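[1] below: sequence and its predicted model.
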Amino acid sequence: MLHYLLKRLASLGLSLVVASLVIFLTLEVVPGDPAAYMLGINAQEDTLAALRDELGLNGSVAERYLSWAGGLLVGDFGTSYTYRTPVAEMIGERLWVSLPLALYALALSTLIAFPAGIWAASRRGSAVDVGVMGITQLGVAIPNFWFAMLMVLIFAINLRWFSAGGFVGWDAGFGAALKSLTLPAVALALPQASILARVMRSSLLDTLSEDFIRTARAKGLSRGQALRRHALRNALIPVLTIIGMQFSFLLAGAIIIENVFFLPGLGRLVFQSISARDLIVVESVVMLLVFAVIVVNFLVDLTYAIVDPRLRGRR
Amino acid sequence: MRNLWLGGLLTAVFAGMAVLSFLWTPYDPTVLDIANKIKAPTLAHPLGTDHFGRDILSMIMVGARTSIAVALVAVGIGMALGVPLGLMAAARKGSLWDEVIMRGNDLVFAFPSLLIAIMITAVFGASALNAIIAIGIFNIPVFARLTRSGALSLWSREYVMAARVAGKGAARISVEHILPNVANLLIVQGTIQFSLGILAEAGLSYVGLGAQPPTASWGRMLADSQTMISFAPHMALFPGLAILLTVLGLNLMGDGLRDLFDPKLRRARS
Amino acid sequence: MSLLQIEDLNLSIHGTPVLQDVSLSIAPGQILGVIGESGSGKSMTAFAAMQLLPNGTVCSGRITLAGQDVLNMSEPELCQMRGRDVGMVFQEPMTALNPIRTIGDQVAETILIHERVSKKEALARAAEALTRAELPQDRFPLSRYPFELSGGQRQRVVIAMAIALRPKLLIADEPTTALDVTTQAQILSLLKRLVIEDQMGLMLISHDLAVVADLADDIAIMQKGRVVEAGPAATLFQTMQHPYSKALLAASAHHPDRLAEPQEQPLLTVRDVVREYRLHSNGWLGGTTTLRAVKGVSFDIKRGESLGLVGESGCGKSTLTRAILGLEPVQGGQILLDGEPVFDAKGTNRSIRRRMQVVFQDPYGSFNPRWKVRRLIAEPMYLLDQPPKGQALQDAMVEAMENVGLTADDLDKYIHEFSGGQRQRIAIARALIIKPDLIILDEAVSALDVSVRAQVLDLLADLSDRYGLTYLFISHDLSVVRSITDRVLVMQAGEIVEQGETETVFDAPQHPYTQQLIAAAPALPATDPSAELPKT
C-alpha cells in the first residue's frame, strides 16, 4: 500500500511539473514578448521596459520559469497587470464561488446517477430501464448552457422561484447562497449525471454477468443480495474513473455556466482577463484548474486501492 | 437496429442541411433586415428572425456547417495522431516508449478542451481554428488510449503470434492485423467524439472562444439570444434544439453501431 | 431412496430445445459422472437442478431433491435450498470468486445467509470448512484475497464454500478442466473424501471420460441434450450399446498409426538454452528483478521424429517454444536447425525461420477474423524471398487445403464459417504451405472435443508419413503425447527433468516428478481397439 502511494505521489509530482511547464511555455514563451503583447502595438518603449521589469521578463526562460514555479509553491501567483492586485487574492475570492459550484454539481450528479443506474441495471429491459436510458440519452445530448438558459426562462423568469443570475455571497447565509447556486449546479449536473448513470448501469450489468455472481447465487443469495454484496463494489471501479474525469468537465463547464448566470467565479475572471490581455491572471487560473484536475485524479487512484485489494499488492 | 436508423436519420438531416446551405438557404443569413427583427415563427420565416431580422432557419443551416466541420476535423486530428500512438504503445508494451506515450496522454487529459482553448485564445485571439485545435488535441489521448487497450488484447491473440512466426514485424502486424480489428471500436468512439465535438464547439462559441462573426454558429446564436430570452424565447429554442438533435442523432448512431459490431450482442440476437 | 431424481426433464431456451427427456438419479454417498462433449447439455442439466437458468428458459418434467419438488418451488424457497441442500463447484476457479473480498468472508457468507449466527461464529466455521478443503489456516488465513492464491487453491475455496453447510448434494461442473494434471488429481481425491465423510451425493460433470471413470459409481453419457447411455461405472464400459458412447470411448483411447521411422541425424539442436525476463516490478522508477523461465535446456530432435514436451502450466514450455521459433532472443546457449543458428548477428535468421512452422491451441483465436482463408494460409509465404504468384500460389494453396481434407472452395470463406476441428485443419494447412521441416504443435489438440481430436491426430500422423515431417508436440495432456510421439521430454520449473523413449518413460518413469505426473493422470479402463471412430 505504501509502495502504491509513493508511486502515485511521484507520478503526481511529475504531472504537475510537466503541466506547469506546458502552461508557462504556451503563455509566456510562445507570444514572444509578453509585455509587448499585453500592452498592444502602440506601447511606448519605456512603459514596455517598466512592465518587463515588473513581470521579471529580463532573465532567461529557465530563470523565469523557476521563479514563477517557486512563487506558485508558496502561493504567490504574481500581480495582475490590469487590476494591480495580487492574483492570489483575486483567485481566492472567486474560488469561493467556483469550487462550491463544482462540488455541488458533483454531489447532485452522483446522487442522481447512482440510484438511477442501479435501478435500471437491476431491472434490465423493464419500463424503468427503458425510461432511464431514454432520459439519459437526452441528458447526454443537451448542451448544459442551453439547458441553463431554459431553466432561467422557466424557473426564474416565468415561475420566479429563483433569481435569474448573480450570487448573493456566503455572507447572506448558507441557505441563500446555496439557493443562488442551485440552478447553475443543476444545469452542470444533469448531463454529467446522465453519463454517470449510463456508465453505472453498463458496469453493473457487466459485473452481474461475471462468474462470481453465479457462485454467489449458488450459495443461496437472491438476485438483489448478489447485486448488493458482490456486484456493486466491483462495478464501482470504472464508475470512479468517470467521476474523476467528470470533475475536470465540471470545472470547465462551470466556467461556461458562470457566464449564463453572471456568477463572479473563475470563469468570469478568466474571460475578462483574456479581453484585457492579462496573461498573468490567465496563466494562474489555468494552472489552478489543471492542478485541481490532476489532484482529483490522484485521489481517484487512491480510492481504487481502497476498493480493489489487488492494487495494494501481495503480502 | 432502431437506434441506428433513428440516429442515422437525424444525423443525415443535419448533414443534409449543412450541404444544402452551400447551394441554397431561404434567406441570406448575413443580410440584416431591421424591419423584420425578432419575429416569432411565421410562414415566411418558419423559425422566426433574430434581433437583426436575420432568418433563423438559414442561420441554423449555415451553423450546421460550422459545427460539423469543426467537430469532424477535430475527430480527424484525434484519430490521425492518437491511433498511431496507441498502436505504437501497444506494439512496445511495457517499454519506455509505451510509458512516455501513456504519461503524455494522462497529461493532455488534465487539460479539458476549454482550458486549451483559453490558452490558445489568450495568445492568438479567438477563431474557429482555435476551437478545432483545442478539441482536436483533447481527442488525441481518447483515441490513443482506446487503440492501445484494444490493440493490447489483440497482441496476445494467436493469429498475431502466427504473423510473427511468418516473420512479420511489429509495424506490419499493426497495420495488417491490429488496425482492421480495432476499426469497429474506433468508428463507434469516432461518432461519440464527433457528438462531443459539436457540444464543445457550441460551448466555445457561446463564450466567444470559437467561431467569430460573420461565421454563423449555433453557440453564438445562443449567446446572442440570451439577453432576449424573456421576450424572444424562439431565438434560444431553435439553435439549442439543433444542437440537441444532432448530438442525440450521433449518440444513437454510435450505440447502434456498437450493437451491430459487438459479436457478443450479435450472437445473443441470432 | 435417491437424493436427486430427475425425470423426463425437457428444457428449452427461447424456444430452442436444449434438453430432451433427461432422467438421472443420485443416491446419498454416491458419485454420478455425467459425460458429454461441448453442447451436450451436461452443464445445463446441473443448472436446472439448481434452477440457476438464463432468462427465457422453460423446464418441464420433474426434479426432486431430498423430497422437494424443485420445479414448483418459489424463488425464496430456491434461495433457501441453494447452498444449504445443494452446493456447486464451477469450471473456472480464476473467475469464480469475487476478486475484492477475502476468502474467509466469501466462505462465511454461505453460513450467514442461511443461519442466524454471529459473524464471528460464521468465520470460525468458515475456517473449519477451508481446513476440510485442505487449506489449513496457518498457511491460508481467512484474510487472504483470491488473487493471492493459485487456481487449484481457489478451487478449494469454492469447494469450501459449497460444503460449508454440509449439503446433501454437491454438483461439480468440470471442476478440474482448468487445472494441471497433478492439481486435478488432488482436487478429485478431495471431492471423493468429502463424499465419503459427509455421505453426500456428487454429480461430477466432465468432458473427460478418464476423469469420471476413475471416480464415479454411476455414469451417464449425454449427447445433443439426451442421455444416450447410463449405468454403473463398473460394468458400463463393457456393456455400452449406443454407437456414440462406443465411439467416444474409442476416440478417448485412440492411437494413431505412424509408419515413418526417425533418422539418426538431428534436425533441431537445443544446447544450454537460458531464457530470462527482466521484470519492471515497480514501473520504470523502481528496480528490476530477473525471472529465469528456461534454465539451461538441451535436447535434439531427429529428422522425421515426433518429440513430445510435457509439463504443467508455468514450467517454461511456451517460453522455450517462442525461443525455438526465433520470436524472442535467448540469454544463453544455442538453438540450431540443421546446424545453422536460429539467431544470427542481425537477430532472427529468416532462412532458418522459414523451415519451422507452428500450430497453436486455440482454434478461435488463431486466425484474423477479417481475412479470408486464402489470405490466412498464405501468410507464411512472407518468409520466402520470392513468394509464388498467380497460378503457382493458387496451386500451393489448393494443395495445402487438400492435404488437410478441405477443398479449394473453402479458400474464399471466412474463418467463422468453420468448426473448431476444421479451423485446426486450416491452421495445419497454414503451417504446411511453405513445406517446413519442423512443425511445432503447441497444445494443438487440447481445445478439441475428444472425437475431433482423434481425427486431427490421425491427420498429423498421416502427414508426417507422407512428407517426412518432424514434430515437436507440446502438451499438458499425457495421453495425447503418449499416442503420437516417439520420444518425450518432461519439463519442470524451466528444466528438463527426464527424457527418453515415450513408452519407456511412461512405463518406467525415473524422475519423481514424472512419476507424480503419470500417477496423477486419469486412466481409462481397457477397451476394444477395433471400435470405429465417429464421423463428423
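    Everything's here; your move.
[2] and for A:Ala105, the neighbour number?
    29 (other Cβ atoms under 10 Å in any protein chain shown). Every C-beta, even on glycine, is put in place using the N, C-alpha and C of the backbone.
[3] scratch that, A:Val282 is what I was asking about
    Counted with other Cβ under 10 Å, the neighbours of A:Val282 add up to 26.
[4] name the nearest residue to A:Arg64, sequence neighbours excluded.
    Nearest residue to A:Arg64 in three dimensions, chain neighbours excluded: A:Gly56, at 6.3 Å (Cβ to Cβ, 6 or more residues apart in numbering or on different chains).
[5] ok, C:Ile100 to A:Leu311 distance?
    Distance of C:Ile100 to A:Leu311, given as Cβ to Cβ, to the nearest Å: 10 Å.
[6] is it true that the residue nearest to A:Arg64 touches A:Gly70?
    No - counting by Cβ atoms under 8 Å, A:Gly56 stays clear of A:Gly70, with 11.3 Å between them.
[7] who in the stretch 51-200 of chain B is up against chain A?
    With Cβ under 8 Å from any Cβ of the partner chain as the criterion, the stretch 51-200 of chain B meets chain A at residues B:103, B:106-107, B:109-115, B:118-123, B:195, B:199.
[8] among the residues you listed, which are in helices?
    Secondary structure assignment by DSSP state H places B:103, B:106-107, B:109, B:113-115, B:118-123, B:195, B:199 of those in helices.
[9] mind listing the helices for the stretch 101-250 of chain C?
    For the stretch 101-250 of chain C, the helices defined by DSSP state H, counting those that start in this stretch cover C:103-114, C:119-132, C:151-163, C:181-198, C:209-215, C:233-239, C:243-252.
[10] among the ones you listed, which is nearest chain B?
    Chain B lies closest to helix C:151-163 among the helices of the stretch 101-250 of chain C, at 18.6 Å (Cβ to the nearest Cβ).
[11] is the closest one positioned near chain A?
    Yes - using Cβ under 8 Å from any Cβ, helix C:151-163 comes into contact with chain A via C:158, C:161-162.
[12] please name the nearest non-neighbouring residue to the closest residue to chain C within chain A.
    Across chain A, no residue is closer to chain C than A:Gly220, which sits at 3.3 Å (Cβ to the nearest Cβ). Excluding its sequence neighbours, the residue lying closest to A:Gly220 (Cβ to Cβ, 6+ apart) is C:Gly83, at 3.3 Å.
[13] again, but for C:Leu432
    Take C:Leu432 and drop its neighbours on the chain: the residue closest to it by Cβ to Cβ, 6+ apart is C:Ala400, 5.0 Å away.
[14] what secondary structure does that neighbour sit in?
    Put simply, C:Ala400 is helix when judged by DSSP: H, G, I helix; E, B strand; the rest coil.
[15] quick check: it touching C:Ala429?
    Yes - look at C:Ala400 against C:Ala429 with Cβ under 8 Å: they come within range, at 4.2 Å.
[16] overlap in contacts of the two?
    Common contact partners of C:Ala400 and C:Ala429 (Cβ atoms under 8 Å, 6 or more residues apart in numbering or on different chains): C:Ile377.
[17] for chain C, which residues are neighbours of chain B?
    Within chain C, the residues that sit near chain B (Cβ under 8 Å from any Cβ) are C:280, C:283-284, C:325, C:327, C:348, C:350, C:353-354, C:356-358, C:360-362, C:365-370, C:379-383, C:427, C:430.
[18] from the residues you listed, which land in helices?
    Judged by DSSP H, the residues of chain C next to chain B include C:350, C:353, C:427, C:430 as members of helices.
[19] isn't the second one up against C:Leu327?
    What that stands for is C:Arg353. No - counting by Cβ under 8 Å, C:Arg353 does not reach C:Leu327; the two are 9.3 Å apart.
[20] just the helices in the stretch 151-270 of chain B please.
    Under DSSP H, counting those that start in this stretch, the stretch 151-270 of chain B gives helices at B:158-165, B:170-173, B:179-206, B:218-225, B:233-261, B:263-269.
[21] pretty sure C:Pro380 contacts C:Gln357?
    Yes - C:Pro380 lies in contact with C:Gln357 (Cβ under 8 Å); the separation is 6.1 Å.
[22] what touches both of those two?
    B:165, C:430-431, C:434.
[23] can you flag the buried ones in the residues of chain C next to chain B?
    C:325, C:348, C:353-354, C:356-358, C:360-362, C:365-368, C:379-383, C:427, C:430 (16 or more other Cβ atoms under 10 Å in any protein chain shown).
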